[in-house]
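**Q** Need the 3D shape of this:
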Amino acid sequence: MSEDRITVDELRYLSVFQNFTEAVAYRCIIDEEGNRLIFLVNKGDLGKAIGKAGKNVKMLSKIFNKSIEIVEYSDDIDGMVKNLFSGVKILGIDVVTRGGEKQVIVKVAEEDKGKAIGREGRNIKRARLVLSKLFNVSKIIIR
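**A** Predicted structure coming up:
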């Protein structure tokens, strides 16, 4: 189910993003359901991408008429999971294959479970979307 091809729309968003922020973005992922764009930026470019007091995020949100989320990119699955759930105390990450499908089990501190899932499942949906495109993950379980 890997959808790792970059679409023309994603390329367009990436181009505007990089010209506007001067940060290097690895990828743009469109979340139609959540009306948001998720930009994966190179390590160390997160601050530049967000801008002082979040000004870049606010302006890009107006330009694209979508909410903007920026996450630091990592080329390994553990690093990407940690970046997707920043601010959440992660106790362990297991990658398992069941029935030919790759699943990620993220063990989090009990008090951070709600933060990991996010309001209306927003954070877990973002993680599922990003990990499915980058690493062909079909399911994420928060424990």
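
**Q** domain parsing for the protein?
**A** In terms of domains, the chain is parsed into 8-72, 77-142 (source: automatic domain parsing).

**Q** Span of the first one from start to end?
**A** In this case it means domain 8-72. Between the opening and closing residues of domain 8-72 lies a distance of 22 Å (Cα to Cα, to the nearest Å).

**Q** That one: how far from the chain's middle?
**A** Averaged C-alpha coordinates place domain 8-72 at 11 Å from its chain's average position (Cα atoms, centre = their mean, to the nearest Å).

**Q** Let me know the average pLDDT across it.
**A** Mean pLDDT, domain 8-72: 96.

**Q** Also stretch 110-119?
**A** On average, stretch 110-119 scores 95.

**Q** Take the domains of the chain and write them to TSV, including mean neighbour count.
**A** All C-beta spots, glycine's among them, are computed from the backbone N, C-alpha and C. Conversion of these to TSV gives the following (neighbours: other Cβ atoms under 10 Å):
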stretch	mean neighbour count
domain 8-72	16
domain 77-142	16
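
**Q** residue ranges for the strands of the protein, please.
**A** 25-31, 36-41, 67-72, 90-98, 101-108, 137-142 (DSSP state E).

**Q** TSV for those, including distance to Val81?
**A** Compiled in TSV, the strands of the chain are given as follows (distance: least, Cβ to Cβ, whole Å):
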stretch	distance to Val81
strand 25-31	15
strand 36-41	13
strand 67-72	11
strand 90-98	5
strand 101-108	6
strand 137-142	8
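
**Q** mind checking which of the ones you listed is nearest Leu11?
**A** Among the strands of the chain, the nearest to Leu11 by Cβ to Cβ is strand 25-31 (7.8 Å).
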